[in-house]
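>>> predicted model follows, preceded by the sequence.
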Amino acid sequence: MKRFYFLLFLIASCDDGDLQIETIDFDSVAIQNCEPVSATAANVLFKLNTTEALILELPNGAIKNEVSDGAVSFLVTASGSTKITYRTFSDNVTSTYFCNDVPLTEPVVLEEIIGEGGEVLIATTLSDDMLTFEHTIQLNTISFVTSENTRITNLAIDNFGTVTTAIE
């Protein structure tokens, strides 16, 4: 009987308080942005999933108003100009959080993980109306490493989405 109580004590004393991220899934979430996507400037695109955000920073020149021959690749690094960041928040997050001139203090960022590897692929086509370009963005082998040095390996975020730019 003592063994039973000891086993029960061990089970009851386990700590589930640590946040553990096993997958990042934003496939069914639409791309958002604060400013119109531009072919002549850097662009910040994001996807929100209740208390999570996936933020993609593209450098000037990544989005081009010209048809590409296949996908153009941009390497993702923690210190480079093409970055992808995953954030978790204390409460639901909306585009207002990203689009305010004065940064909001709520919801609080619980964890921020910057992508340390992989690539962003952008394929550009001329739309059927011949007035806009469509830029299909895909993520390939994006690698995140948490503050506990745990690698997130089950990434279901291959198709980031499509954005358009007007012909200038």
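Yes, it's here.
>>> ok now the helix or strand harbouring Ile122, how far from the chain's centre?
When secondary structure is defined by DSSP states H and E, Ile122 falls within strand 109-126. Here strand 109-126 shows a centroid-to-chain-centroid distance of 6 Å under the convention CA atoms, centre = their mean, to the nearest Å.
>>> and the helices in this structure?
In the chain, helices defined by DSSP state H lie at 2-12, 95-99, listed in chain order.
>>> which one of those has the lowest average pLDDT?
Among the helices of the chain, helix 2-12 carries the lowest mean pLDDT, a mean of 38.
>>> just the pLDDT at Asn65, thanks.
In this model, Asn65 carries a pLDDT of 95.
>>> pretty sure it sits against Thr164.
No. The criterion here is CB atoms under 8 Å, and Asn65 misses it with Thr164 at 10.4 Å. Bear in mind the C-beta positions are built from the backbone N, C-alpha and C, glycine included.
>>> intersection of neighbour lists for these two?
Common contacts of Asn65 and Thr164 (CB atoms under 8 Å, 6 or more residues apart in numbering): Phe133.
>>> and those two? which has more neighbours close in?
Asn65 (16 against 13; other CB atoms under 10 Å).
>>> tell me who's in contact with the closest residue to the more buried one other than its chain neighbours.
Once flanking residues are discounted, Asn65 sits nearest to Ala39: 4.2 Å by CB to CB, 6 or more residues apart in numbering. The contact partners of Ala39, by CB under 8 Å, 6+ apart, come to 63-65, 133, 165, 168.
>>> mind checking which of the residues you listed are buried?
Buried by 16 or more other CB atoms under 10 Å: 63, 65, 133, 165, out of the contacts of Ala39.
>>> burial check on Val120, number of neighbours?
24.
>>> whoops, Glu106 was the one
Counted with other CB under 10 Å, residues neighbouring Glu106 total 9.
>>> from memory it sits against Asn92, does it?
No. Counting by CB under 8 Å, Glu106 does not reach Asn92; the two are 10.4 Å apart.
>>> so Val87 sits right up against Leu48, yeah?
If you look again at residue 87, you'll see it is Arg, not Val. No. Counting by CB under 8 Å, Arg87 does not reach Leu48; the two are 9.8 Å apart.
>>> can you pull the contacts of Leu104?
Counting by CB under 8 Å, 6+ apart, Leu104 touches 96-97.
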